[in-house]
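Got a predicted structure here, sequence first:
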Amino acid sequence: MNVCLAPCPIVFDLDGTLIDSAPDIHACVNYVLEEHGTPHLTLEQVRAFIGGGVDVLWQKIIAAQELQDDRKPEYMAAFMACYHDATQLTALFPDVIPTLETLADRGHPLGICTNKPLAVTQAVLSHFGIAHLFGSVIGGDSVPERKPHPAPLRAAIQALGADPRNPKAIYVGDSEFDAACALAASVPFLIYTKGYRQTPIEELPHLASFDDFAALPAMIETQALALSAH
Ligand SMILES: O=C(O)COP(=O)(O)O
(Lines give C-alpha, C1' and ligand atoms only; values in the text may rest on other atoms or scores of the structure.)
Protein backbone atom coordinates (compact mmCIF):
# COMPACT_ATOMS: atom_id res chain seq x y z
CA MET A 1 0.00 0.00 0.00
CA ASN A 2 1.36 3.41 -0.96
CA VAL A 3 1.61 5.63 2.08
CA CYS A 4 0.11 9.12 1.92
CA LEU A 5 2.29 11.68 3.66
CA ALA A 6 0.39 14.96 4.09
CA PRO A 7 -0.21 16.97 2.00
CA CYS A 8 -0.55 14.14 -0.51
CA PRO A 9 -2.73 14.11 -3.63
CA ILE A 10 -6.39 13.34 -2.96
CA VAL A 11 -8.48 12.02 -5.84
CA PHE A 12 -12.29 12.02 -5.72
CA ASP A 13 -14.91 9.99 -7.50
CA LEU A 14 -17.76 12.19 -8.79
CA ASP A 15 -21.24 10.55 -9.00
CA GLY A 16 -22.45 9.46 -5.56
CA THR A 17 -19.38 11.03 -3.91
CA LEU A 18 -19.21 14.77 -4.64
CA ILE A 19 -22.54 15.02 -6.48
CA ASP A 20 -25.98 13.45 -6.27
CA SER A 21 -26.55 13.13 -10.02
CA ALA A 22 -28.97 10.18 -9.96
CA PRO A 23 -32.07 12.42 -10.55
CA ASP A 24 -30.57 13.83 -13.79
CA ILE A 25 -29.40 10.39 -14.99
CA HIS A 26 -32.83 8.95 -14.11
CA ALA A 27 -34.60 11.72 -16.08
CA CYS A 28 -32.44 11.14 -19.18
CA VAL A 29 -32.86 7.33 -18.96
CA ASN A 30 -36.65 7.67 -18.79
CA TYR A 31 -36.65 10.19 -21.65
CA VAL A 32 -34.92 7.56 -23.84
CA LEU A 33 -37.15 4.72 -22.62
CA GLU A 34 -40.24 6.78 -23.31
CA GLU A 35 -39.03 7.63 -26.83
CA HIS A 36 -38.78 3.88 -27.43
CA GLY A 37 -42.16 3.05 -25.88
CA THR A 38 -40.56 1.20 -22.96
CA PRO A 39 -41.75 1.42 -19.31
CA HIS A 40 -39.91 3.83 -17.01
CA LEU A 41 -37.41 2.81 -14.33
CA THR A 42 -37.60 4.11 -10.76
CA LEU A 43 -34.97 6.43 -9.31
CA GLU A 44 -33.81 3.60 -7.02
CA GLN A 45 -33.31 1.24 -9.97
CA VAL A 46 -31.28 3.80 -11.90
CA ARG A 47 -29.23 4.74 -8.83
CA ALA A 48 -28.25 1.08 -8.45
CA PHE A 49 -26.98 1.05 -12.06
CA ILE A 50 -24.61 4.06 -11.70
CA GLY A 51 -20.86 3.73 -11.20
CA GLY A 52 -19.58 1.75 -14.18
CA GLY A 53 -20.07 4.47 -16.78
CA VAL A 54 -22.63 4.96 -19.56
CA ASP A 55 -21.95 1.65 -21.32
CA VAL A 56 -22.43 -0.39 -18.13
CA LEU A 57 -25.51 1.70 -17.25
CA TRP A 58 -27.16 0.73 -20.55
CA GLN A 59 -26.08 -2.92 -20.27
CA LYS A 60 -27.95 -3.01 -16.96
CA ILE A 61 -31.01 -1.16 -18.32
CA ILE A 62 -31.21 -3.49 -21.34
CA ALA A 63 -31.06 -6.54 -19.05
CA ALA A 64 -33.65 -5.11 -16.62
CA GLN A 65 -36.12 -4.05 -19.34
CA GLU A 66 -35.40 -6.96 -21.69
CA LEU A 67 -34.54 -4.59 -24.54
CA GLN A 68 -32.78 -5.49 -27.77
CA ASP A 69 -29.03 -5.56 -27.12
CA ASP A 70 -28.18 -4.60 -30.71
CA ARG A 71 -29.97 -1.26 -30.20
CA LYS A 72 -27.59 -0.22 -27.40
CA PRO A 73 -25.65 2.30 -29.59
CA GLU A 74 -28.95 3.97 -30.48
CA TYR A 75 -30.08 4.13 -26.81
CA MET A 76 -26.68 5.46 -25.73
CA ALA A 77 -26.62 8.16 -28.43
CA ALA A 78 -30.09 9.37 -27.42
CA PHE A 79 -29.05 9.27 -23.76
CA MET A 80 -25.88 11.31 -24.39
CA ALA A 81 -27.87 13.99 -26.25
CA CYS A 82 -29.84 14.50 -23.01
CA TYR A 83 -26.99 13.82 -20.55
CA HIS A 84 -24.19 15.96 -22.01
CA ASP A 85 -25.22 19.07 -20.06
CA ALA A 86 -27.70 17.59 -17.54
CA THR A 87 -27.12 19.48 -14.30
CA GLN A 88 -30.56 20.88 -13.39
CA LEU A 89 -31.51 18.05 -11.03
CA THR A 90 -27.98 17.43 -9.75
CA ALA A 91 -26.79 18.70 -6.34
CA LEU A 92 -23.50 18.72 -4.49
CA PHE A 93 -23.60 16.65 -1.31
CA PRO A 94 -23.58 18.84 1.84
CA ASP A 95 -20.30 20.57 2.75
CA VAL A 96 -18.45 19.44 -0.38
CA ILE A 97 -17.24 22.92 -1.40
CA PRO A 98 -15.84 24.06 2.00
CA THR A 99 -14.18 20.67 2.41
CA LEU A 100 -12.49 20.82 -1.00
CA GLU A 101 -11.36 24.39 -0.25
CA THR A 102 -9.94 23.37 3.13
CA LEU A 103 -7.98 20.49 1.58
CA ALA A 104 -6.69 22.72 -1.23
CA ASP A 105 -5.67 25.41 1.32
CA ARG A 106 -3.73 22.75 3.23
CA GLY A 107 -1.74 22.07 0.08
CA HIS A 108 -3.32 18.81 -1.09
CA PRO A 109 -3.34 18.55 -4.89
CA LEU A 110 -6.91 17.48 -5.79
CA GLY A 111 -8.06 15.30 -8.68
CA ILE A 112 -11.14 13.59 -10.11
CA CYS A 113 -11.34 9.98 -11.28
CA THR A 114 -14.84 9.18 -12.56
CA ASN A 115 -16.39 6.79 -15.06
CA LYS A 116 -18.62 9.67 -16.24
CA PRO A 117 -17.65 10.87 -19.73
CA LEU A 118 -15.07 13.68 -19.56
CA ALA A 119 -17.19 16.34 -21.32
CA VAL A 120 -20.12 15.73 -18.94
CA THR A 121 -17.73 15.78 -15.98
CA GLN A 122 -16.29 19.13 -17.05
CA ALA A 123 -19.79 20.56 -17.57
CA VAL A 124 -20.78 19.52 -14.02
CA LEU A 125 -17.59 20.88 -12.42
CA SER A 126 -18.07 24.22 -14.23
CA HIS A 127 -21.77 24.35 -13.33
CA PHE A 128 -20.91 24.10 -9.62
CA GLY A 129 -17.92 26.48 -9.89
CA ILE A 130 -15.42 23.91 -8.62
CA ALA A 131 -13.43 23.07 -11.77
CA HIS A 132 -10.52 25.31 -10.67
CA LEU A 133 -9.96 23.20 -7.53
CA PHE A 134 -8.86 20.11 -9.51
CA GLY A 135 -5.39 19.72 -10.99
CA SER A 136 -6.39 16.53 -12.82
CA VAL A 137 -9.70 15.29 -14.18
CA ILE A 138 -9.92 11.76 -15.60
CA GLY A 139 -13.28 10.80 -17.08
CA GLY A 140 -14.65 7.49 -18.34
CA ASP A 141 -13.25 8.12 -21.82
CA SER A 142 -9.92 9.76 -20.84
CA VAL A 143 -7.92 6.51 -20.89
CA PRO A 144 -8.78 3.19 -22.60
CA GLU A 145 -9.76 1.47 -19.30
CA ARG A 146 -12.51 2.32 -16.80
CA LYS A 147 -12.81 1.62 -13.06
CA PRO A 148 -12.53 -0.95 -11.51
CA HIS A 149 -9.33 -1.08 -13.62
CA PRO A 150 -6.57 0.82 -11.78
CA ALA A 151 -5.39 2.76 -14.86
CA PRO A 152 -7.74 5.79 -14.56
CA LEU A 153 -6.88 6.31 -10.88
CA ARG A 154 -3.16 5.99 -11.61
CA ALA A 155 -3.54 8.52 -14.43
CA ALA A 156 -5.36 10.98 -12.13
CA ILE A 157 -2.63 10.66 -9.46
CA GLN A 158 0.24 10.97 -11.92
CA ALA A 159 -1.32 14.04 -13.55
CA LEU A 160 -1.10 15.67 -10.10
CA GLY A 161 2.66 15.31 -10.25
CA ALA A 162 3.11 12.21 -8.08
CA ASP A 163 6.03 9.90 -8.79
CA PRO A 164 4.58 7.27 -11.17
CA ARG A 165 6.85 4.56 -9.71
CA ASN A 166 5.67 5.18 -6.16
CA PRO A 167 2.51 7.31 -6.11
CA LYS A 168 1.33 8.30 -2.66
CA ALA A 169 -2.28 9.39 -2.58
CA ILE A 170 -5.78 8.80 -1.17
CA TYR A 171 -8.88 7.94 -3.21
CA VAL A 172 -12.32 9.02 -1.95
CA GLY A 173 -15.36 7.29 -3.46
CA ASP A 174 -18.68 5.63 -2.78
CA SER A 175 -19.05 2.47 -4.82
CA GLU A 176 -17.96 -1.09 -5.49
CA PHE A 177 -16.17 0.18 -8.64
CA ASP A 178 -14.19 2.73 -6.60
CA ALA A 179 -13.20 0.27 -3.86
CA ALA A 180 -12.00 -2.33 -6.39
CA CYS A 181 -10.13 0.31 -8.40
CA ALA A 182 -8.32 1.64 -5.31
CA LEU A 183 -7.40 -1.89 -4.24
CA ALA A 184 -6.06 -2.71 -7.70
CA ALA A 185 -4.01 0.51 -7.71
CA SER A 186 -2.80 -0.06 -4.09
CA VAL A 187 -4.17 3.33 -3.07
CA PRO A 188 -5.78 3.83 0.39
CA PHE A 189 -9.55 4.22 -0.02
CA LEU A 190 -11.99 6.32 2.03
CA ILE A 191 -15.66 5.56 1.41
CA TYR A 192 -18.57 8.04 1.58
CA THR A 193 -21.50 6.11 3.03
CA LYS A 194 -24.30 8.25 1.57
CA GLY A 195 -23.53 7.45 -2.07
CA TYR A 196 -24.77 4.76 -4.47
CA ARG A 197 -23.12 1.63 -2.98
CA GLN A 198 -25.24 -1.54 -3.18
CA THR A 199 -22.95 -3.83 -1.14
CA PRO A 200 -22.69 -3.83 2.69
CA ILE A 201 -19.81 -1.57 3.62
CA GLU A 202 -18.00 -4.34 5.56
CA GLU A 203 -17.68 -6.29 2.30
CA LEU A 204 -15.80 -3.51 0.51
CA PRO A 205 -12.08 -2.96 1.07
CA HIS A 206 -11.61 0.48 2.60
CA LEU A 207 -9.36 2.27 5.07
CA ALA A 208 -12.14 4.29 6.71
CA SER A 209 -15.68 5.51 6.07
CA PHE A 210 -17.42 8.85 6.59
CA ASP A 211 -20.97 10.17 6.26
CA ASP A 212 -20.22 13.90 6.58
CA PHE A 213 -17.87 15.85 4.32
CA ALA A 214 -17.12 18.29 7.13
CA ALA A 215 -15.35 15.42 8.92
CA LEU A 216 -13.15 14.52 5.94
CA PRO A 217 -10.17 16.91 6.38
CA ALA A 218 -9.53 15.69 9.94
CA MET A 219 -9.96 12.07 8.85
CA ILE A 220 -7.47 12.52 6.02
CA GLU A 221 -4.81 13.99 8.30
CA THR A 222 -5.35 11.18 10.85
CA GLN A 223 -5.24 8.43 8.25
CA ALA A 224 -2.20 9.94 6.55
CA LEU A 225 -0.35 10.00 9.88
CA ALA A 226 -1.44 6.45 10.76
CA LEU A 227 -0.31 5.17 7.38
CA SER A 228 3.01 6.96 7.56
CA ALA A 229 3.72 5.27 10.92
CA HIS A 230 3.74 1.81 9.23
O1 LIG B 1 -21.41 5.64 -13.75
C2 LIG B 1 -21.02 6.80 -14.06
O3 LIG B 1 -21.38 7.35 -15.14
C4 LIG B 1 -20.07 7.59 -13.24
O5 LIG B 1 -19.83 7.08 -12.00
P6 LIG B 1 -18.66 7.57 -11.01
O7 LIG B 1 -18.59 9.09 -11.02
O8 LIG B 1 -19.17 7.04 -9.70
O9 LIG B 1 -17.39 6.94 -11.49
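Ah, there it is.

ok, the closest residue to residue 49 other than its chain neighbours to residue 213 distance?
Excluding the flanking residues, the one nearest residue 49 by CB to CB, 6 or more residues apart in numbering is residue 60, at 4.2 Å. Every residue, glycine included, has its C-beta placed from N, CA and C. Distance, residue 60 to residue 213, using CB to CB, to the nearest Å: 28 Å.

Counting neighbours, go ahead and name the busier of these two.
Ranked by neighbour count (other CB atoms under 10 Å), residue 60 and residue 213 place residue 213 first, with 22 against 17.

pretty sure that one is touching residue 93, no?
Yes - between residue 213 and residue 93 there is a contact at 6.3 Å, judged by CB atoms under 8 Å.

For the chain, what lies in contact range of the ligand?
13-16, 50-54, 57, 114-116, 147, 175 (CB under 6 Å from any ligand atom).

burial count for residue 72?
Based on other CB under 10 Å, the number of other residues close to residue 72 is 15.

farthest residue from the center of this protein?
residue 37 (31.0 Å; CA atoms, centre = their mean).

Double-check that it belongs to a helix.
No - counting by DSSP: H, G, I helix; E, B strand; the rest coil, one finds residue 37 to be coil, located in no helix.

mind pulling up the phi and psi values for the nearest residue to residue 14 once chain neighbours are set aside?
The spatial neighbour of residue 14 that comes closest, neighbours along the chain excluded (CB to CB, 6+ apart), is residue 114 at 3.8 Å. The phi/psi pair for residue 114 (degrees, to the nearest 10) reads phi -130, psi 150.

contacting residues around residue 114?
13, 14, 15, 121, 138, 139, 140 (CB atoms under 8 Å, 6 or more residues apart in numbering).

Those in strands, which ones?
Judged by DSSP state E, strands contain the following of the contacts of residue 114: residue 138.

and the strand or helix carrying residue 218, what's its mean pLDDT?
Counting by DSSP states H and E, the element that carries residue 218 is helix 216-228. Helix 216-228 shows a mean pLDDT of 80.

again, but for stretch 196-207
Rounded mean pLDDT across stretch 196-207 is 97.

Show me what that stretch is in contact with.
15-16, 22, 47-48, 50-51, 170, 174-176, 179-180, 182-183, 188-191, 193, 209, 223, 227.

switch to 10 Å and redo it
1, 4, 13, 15-17, 20-22, 46-51, 170-171, 173-180, 182-183, 187-191, 193, 209, 219, 223, 226-227 (CB atoms under 10 Å, 6 or more residues apart in numbering).

repeat for stretch 214-223
4, 6-8, 10, 12, 94-96, 98-103, 105-106, 108, 170, 172, 188, 190, 192, 207-210, 212.
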